[in-house]
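Undergrad: after the sequence you'll find the predicted model.
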Amino acid sequence: MMGHALGRELKTTPMEAMLRSVRVAAGQAAWYDSKVSEAPDDDAVAPGGSHYHWVEAAKEAHRSSVSFSAIALRSGLAKILVEQVTAQAQVLAPLLQDLLAQLEEYAPPEVVAQARVGLRQRLLELDSLDWGTEQQPAIGAGSEEV
C-alpha cells in the first residue's frame, strides 16, 4: 500500500515542484541543525560522537538546500514568482477600487474613510510579510475590524 502513496501522481507545475523542493530541503536542514544543537558537548558532534550522525545529515541537507536553491535561481524562478504576483495584483486592484466606489455610493463618508484606512493598513501588512516562508502570519490579527 505504501508504494501506491509514494508513487501517486500530483497535479503541480515545474515551478511549484521546484519551490517545494527548496522549502523542503531548507526545512530538513533546519531540523537536522536542531538535532545537532541538542548535543550535550563538543565531543558529541566530533567524529564518533553520539550526535555526529546528525552533523553528517545536516551537512547533506544543507548541500541539498543549496543545490535546489541554485537550480531555482538559474531557472529564473524569482522572476516567474514576481510576474505571478504582479498579475494577481493587477486582477485584485480593480476589484478593490470597485468595492470602494460602491461603498462610496451607499455608506456615510466617515465609514468610507475608515474602510480606506483599514484597507491601506492591510496592504502595508502584506508588504511587511516575509513571503519566503511557507506559513504566513495572519493579516489583520489583533487589529480593529473596519
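TA: Here it is on my side, so go on. All values derive from a computational prediction rather than experimental measurement.

Undergrad: and after the helix or strand bottoming out on mean pLDDT in the chain, which helix or strand comes next?
TA: The weakest-scoring helix or strand in the chain, judged by mean pLDDT, DSSP states H and E, is helix 2-6 (a mean of 64). The helix or strand immediately downstream of helix 2-6 is helix 14-37, counting by DSSP states H and E.

Undergrad: quick check: what element follows that following helix along the chain?
TA: Heading C-terminal from helix 14-37 (DSSP H and E), you reach helix 52-74.

Undergrad: list the buried residues of that following helix.
TA: Going by neighbour count (16 or more other Cβ atoms under 10 Å), the buried part of helix 52-74 is 52, 54-55, 57-58, 61-62, 64-65, 68-69, 72. Where you see a C-beta, it was placed from the backbone N, CA and C, and this is true even at glycine.

Undergrad: what lies in contact with it?
TA: 18-19, 21-22, 25-26, 28-29, 31-33, 35-36, 39, 44-46, 78 (Cβ atoms under 8 Å, 6 or more residues apart in numbering).

Undergrad: what does the pLDDT read for Gln88?
TA: The model reports Gln88 with a pLDDT of 87.

Undergrad: ditto for Ile80
TA: Confidence score, pLDDT, at Ile80: 81.

Undergrad: is it true that it touches Met15?
TA: Yes. Contact criterion Cβ atoms under 8 Å: Ile80 and Met15 qualify, at 5.6 Å.

Undergrad: in which helix or strand would I find Ala101?
TA: Taking DSSP H and E as the definition, Ala101 sits inside helix 77-106.
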